[in-house]
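**Q** whatever this is, show me its structure:
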Amino acid sequence: MIIVVDAYNLLRSVPPYKKIVTDEERAKFIARLGVYGKRKGHKMVIVFDGGPHEWPFKENKKTVIVVYSGIHESADDYIKEYIEVHRAKDLLLVSSDSELNYWATRHNIPSIDSSSFQQLLYQELYVKESSLAQQSEVIKLGSEPLDIDALMIEASKNVPIKSEDFAPISKNRGSKKAQVSKQERALLKKLHKL
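**A** Take a look at the predicted model:
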């Protein structure tokens, strides 16, 4: 999948909410997206406003393409053109810009808002890494071998059953509420790949 990122929109959705982003912050941001893309097998197209050149300028960095829109067009304009040209490919737009999201929807490209993608990115890069590090640590409690099955059975006796554990049974199977639109299905399909 190709993930097209409205870069400053995503960067500014993360606290502390800054108007000005330093070169170092931008480089770290690009590196994080590169790691994410490599782990998940996605190509990342990261589009920034402005840049060092008058016209759009691209830098290829393995699984990441960094685009600076230049002074004559905005990142939004570049993203719209990219979506129009590549709409037949497996694309996902990352932006909270309602106009861009509308443009993507018109071209049957699903989009995800920046804060939701940021949470997925954080979970993949930081939460999973810390849980993997914790799993690699072995703690021996004593010299006696433990019967894990007996321990699990005993512990399960004390787990309360909550009403949320049971799925509600829908009586109106053909109701309009239960139906998901074509665009929502496309977005769900993309989200499973993330």
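**Q** now do the longest helix seen in the chain: distance to the chain's middle.
**A** Across the chain, the longest stretch assigned as helix under DSSP state H is helix 23-40. The chain centroid and the centroid of helix 23-40 are separated by 13 Å under CA atoms, centre = their mean, to the nearest Å.
**Q** got the buried residues for it?
**A** By 16 or more other CB atoms under 10 Å, the buried positions in helix 23-40 come out as 26, 29, 30, 33, 34, 35, 36, 37. Quick note: C-beta positions are derived from backbone N, CA and C, even for glycine.
**Q** so the first one makes contact with residue 12?
**A** Which is residue 26. No: at 11.8 Å, residue 26 does not count as touching residue 12 under the criterion of CB atoms under 8 Å.
**Q** next, count neighbours for residue 184.
**A** 11 (other CB atoms under 10 Å).
**Q** and what of residue 186?
**A** Residue 186 has 16 neighbours, counted by other CB under 10 Å.
**Q** so how far is residue 93 from it?
**A** 12 Å (CB to CB, to the nearest Å).
**Q** how about residue 81?
**A** 13 Å.
**Q** residue 58 pairs with what?
**A** With DSSP bridges as the criterion, residue 58 is bridged to residue 67.
**Q** surely it touches residue 65?
**A** Yes: the pair residue 58 and residue 65 passes the contact test of CB under 8 Å, sitting 5.9 Å apart.
**Q** who's in contact with the longest helix of the chain?
**A** Defining contact as CB atoms under 8 Å, 6 or more residues apart in numbering, one finds that helix 23-40 is touched by 3, 5, 7, 10-11, 18, 21, 42-44, 46, 48, 61-64, 66, 121, 124-125, 193-194.
**Q** let me see the mean pLDDT of it.
**A** Throughout helix 23-40, pLDDT has a mean value of 91.
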